[in-house]
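> missing the sequence, but the structure's below:
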């Protein structure tokens with residue numbers, strides 16, 4: 001019974017130790033060790049259970065008791081040992097778990113850092129890879145560009161060689177001292193010496209005199225400034241005297257110079273010929289009295305002749321490059337010119353302007369012009385111009401106006417002549433009746449008073465008769481008299497006039513003196529009408545010279561192809577206000593009309609003298625007298 005109890009207790013202790021061992025498996029995680037312990041305890045428990053079954057059946061001996069007690073003690077010690085190390089193992093397990101957690105956390109941090117580093121490294125690698133790719137691409141592009149440039153250089157070199165071979169210019173490569181280093185001459189006859197003779201020599205040695213000095217100056221200027229120097233020089237070469245244009249350009253600063261020399265002899269000759277042609281053209285258009293001009297599309301003068309410039313009061317050089325508005329202050333005229341120019345360019349056809357006015361810039365005189373404008377193009381057709389030729393028709397306009405006025409005057413004169421003739425005829429009968437009646441009255445008159453009034457009537461009738469005769473004569477002159485021209489000696493004619501007026505001069509005790517040129521040329525004139533004109537002048541001198549005065553008659557030549565006759569008196573003279581009107585019809589210096597006369601004598605004289613292509617002039621001073629001078633053309637021999 002005791003043995004069974006011991007076995008039971010041992011069995012319980014071993015089961016408890018096995019359970020604790022199993023628990024330690026979970027705590028420590030050392031599965032194999034604790035499983036062995038637990039397995040051993042289970043085996044021992046099974047053995048104890050077998051022994052316990054045998055005791056219960058009564059088949060075991062008493063020796064088993066001692067061994068089971070020992071086993072019980074071992075089981076108790078084992079359980080106690082397992083129970084004592086269990087907390088330590090749990091603590092160790094906790095420490096182990098903590099350590100694992102820390103390890104895991106540190107591992108996570110390391111992995112995170114590692115991942116970050118991998119990402120950064122990958123980014124750097126990627127960026128560096130991209131940079132390398134770009135660099136590689138750039139290198140490839142640069143290589144391709146270099147290949148392209150090299151190909152272009154080769155092509156340009158070929159083109160340059162072809163160009164050099166094609167141009168007719170002389171090419172020289174010079175060093176700093178002006179020594180020939182390379183010579184290219186498609187025309188050797190243009191070289192001052194052969195190619196072999198030039199190489200190694202300076203240009204100063206080859207080109208002597210003025211040409212060598214020009215080369216030296218251009219060479220120094222090109223090297224010092226770096227700018228291309230261009231100059232011309234004349235040189236005698238195997239082809240003869242030629243004119244060259246040289247261009248010096250620095251190819252290597254301070255070291256090398258490229259000289260391009262071109263034969264411009266033909267061009268210079270053509271330029272000279274063109275300048276002569278232009279000078280001749282300018283001479284031709286300057287000699288033309290018409291206004292000649294060319295304007296561009298903006299109205300700017302590109303060509304004018306001297307007449308055009310003079311009209312605008314300036315020079316040809318000053319007018320070219322300017323417009324009408326720059327010299328013409330009349331906006332209406334400028335607007336008309338501009339409108340006409342635009343019409344010509346728009347229609348591309350000639351425009352004829354019958355009449356237009358242009359004001360002279362200096363004198364302000366308005367002149368009439370007949371203008372033709374037409375479009376012309378530049379040689380390449382890039383620009384359009386207006387060519388204008390304006391003819392001065394002012395004299396023609398004035399002549400037309402004068403002709404019209406003359407026609408009107410003739411018509412008025414014709415009407416007046418008819419009126420005067422009719423009136424004269426109407427006056428003739430009453431005057432005859434009056435004269436007859438006066439004669440009868442004079443026969444029966446008895447007293448001096450009656451005779452005085454009869455004399456007054458006679459004088460007035462005589463005055464009216466002279467007035468009628470003057471009107472008839474003036475109307476004939478204005479109607480256009482047909483003169484009978486003959487060669488006359490003016491000395492003889494004036495003597496006849498003076499002889500016919502001796503009685504009138506003697507009544508006033510006037511002295512008439514003559515100073516006649518004995519070699520006076522003849523004139524071509526109508527004797528009767530010229531006699532009338534001179535008679536009116538003599539009558540005027542006698543009429544306005546006081547008693548005991550003097551009259552001087554002179555003849556001569558004026559040195560301008562005219563015969564001159566001057567009649568001077570010591571009369572009352574003419575005031576400056578009256579002087580411009582003394583040749584007007586019916587004008588009398590005496591406003592009170594105290595002197596007899598119709599005021600037609602001087603008008604008739606001037607009309608007759610001007611009809612003989614002559615002129616009449618007068619000089620006078622109040623209180624000193626007057627001088628009437630007649631000028632008539634000398635007759636052809």
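Here it is on my side, so go on. Given the structure is predicted, the values throughout are model-derived calculations rather than measurements. Residues are numbered from 1 along each chain as shown.
> Helix or strand for residue 457, just tell me which one.
Using DSSP states H and E, residue 457 maps to helix 448-480.
> Averaged pLDDT, that helix. What do you get?
Helix 448-480 shows a mean pLDDT of 63.
> could you point out which element follows that helix?
strand 486-488.
> could you pull out the strands for the stretch 301-450 of the chain?
301-304, 351-359, 366-377, 384-392 (DSSP state E, counting those that start in this stretch).
> whoops, I mixed them up, the stretch 151-300 of the chain
Taking DSSP E, counting those that start in this stretch as the criterion, the stretch 151-300 of the chain carries its strands at 170-175, 180-184, 229-237, 240-252, 256-263, 291-295.
> Please identify the most buried of the ones you listed.
strand 291-295 (a mean of 21; mean count of other CB atoms under 10 Å). Just so you know, the C-beta spots here come from the backbone N, C-alpha and C atoms, and that holds for glycine as well.
> before we move on, back to that, mind putting the strands of the stretch 151-300 of the chain into TSV with mean pLDDT and distance to residue 383?
Formatted as TSV, the strands of the stretch 151-300 of the chain follow (pLDDT from 0 to 100; distance: least, CB to CB, whole Å):
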stretch	mean pLDDT	distance to residue 383
strand 170-175	89	36
strand 180-184	88	40
strand 229-237	89	28
strand 240-252	90	28
strand 256-263	90	29
strand 291-295	93	11
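> So for residue 147, which of the strands of the stretch 301-450 of the chain sits nearest?
strand 366-377 (49.7 Å; CB to CB).
> residues of that closest one that come out buried?
Residues of strand 366-377 classed as buried: 367, 368, 369, 370, 371, 373, 375 (neighbour count, 16 or more other CB atoms under 10 Å).
> Specify the angle between that strand and strand 351-359 in degrees.
Angle, strand 366-377 to strand 351-359, by axes from the mean of the first three to the mean of the last three CA atoms, to 10 degrees: 140 degrees.
> Adjacent strands (with direction) for strand 366-377?
strand 351-359 (antiparallel), strand 384-392 (antiparallel) (DSSP bridges).
> Quick one: closest of the ones you listed to residue 188.
Among the strands paired with strand 366-377, the nearest to residue 188 by CB to CB is strand 384-392 (46.2 Å).
> Ranking helices and strands of the protein by mean pLDDT, which lands last?
When the helices and strands of the chain are scored by mean pLDDT, DSSP states H and E, helix 31-57 comes last with a mean of 57.
> Tell me which of the strands paired with strand 366-377 sits most buried.
Stretch with highest mean neighbour count among the strands paired with strand 366-377: strand 384-392 (a mean of 19; mean count of other CB under 10 Å).
> can I get the strands of the stretch 301-450 of the chain in a markdown table with distance to residue 286 and mean pLDDT?
Formatted as a markdown table, the strands of the stretch 301-450 of the chain follow (distance: least, CB to CB, whole Å; pLDDT from 0 to 100):
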| stretch | distance to residue 286 | mean pLDDT |
| --- | --- | --- |
| strand 301-304 | 10 | 93 |
| strand 351-359 | 18 | 91 |
| strand 366-377 | 18 | 92 |
| strand 384-392 | 14 | 93 |
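> Take those strands and lay them out in CSV including distance to residue 619.
Below are these laid out as CSV (distance: least, CB to CB, whole Å):
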stretch, distance to residue 619
strand 301-304, 46
strand 351-359, 36
strand 366-377, 33
strand 384-392, 35
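> and residue 128, which of those is closest to it?
Of all those, strand 384-392 comes closest under CB to CB, at 68.1 Å.
> on that earlier part again, reformat the buried residues of strand 366-377 as a markdown table; add distance to residue 563.
Shown next, in a markdown table, are those (distance: CB to CB, whole Å):
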| residue | distance to residue 563 |
| --- | --- |
| 367 | 36 |
| 368 | 37 |
| 369 | 40 |
| 370 | 40 |
| 371 | 44 |
| 373 | 50 |
| 375 | 57 |
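> Pick the one among those closest to residue 110.
Nearest to residue 110 among the buried residues of strand 366-377, counting by CB to CB, is residue 375 at 96.0 Å.
> My understanding was that residue 325 contacts residue 334; is that so?
Yes: using CB atoms under 8 Å, residue 325 is in contact with residue 334, at 5.0 Å.
> shaky segments in this structure?
For the chain, applying pLDDT under 70 flags the ranges 1-86, 88-89, 160-166, 411-435, 437-456, 458-483, 585-600.
> repeat that with 50
The model of the chain has pLDDT under 50 over residues 33-34, 59-62, 591-598.
> Residue 551: what's it in contact with?
By CB atoms under 8 Å, 6 or more residues apart in numbering, residue 551 lies in contact with 505, 510-513, 538, 541-542, 545, 567-570.
> ditto for residue 396
Counting by CB under 8 Å, 6+ apart, residue 396 has contacts residue 368.
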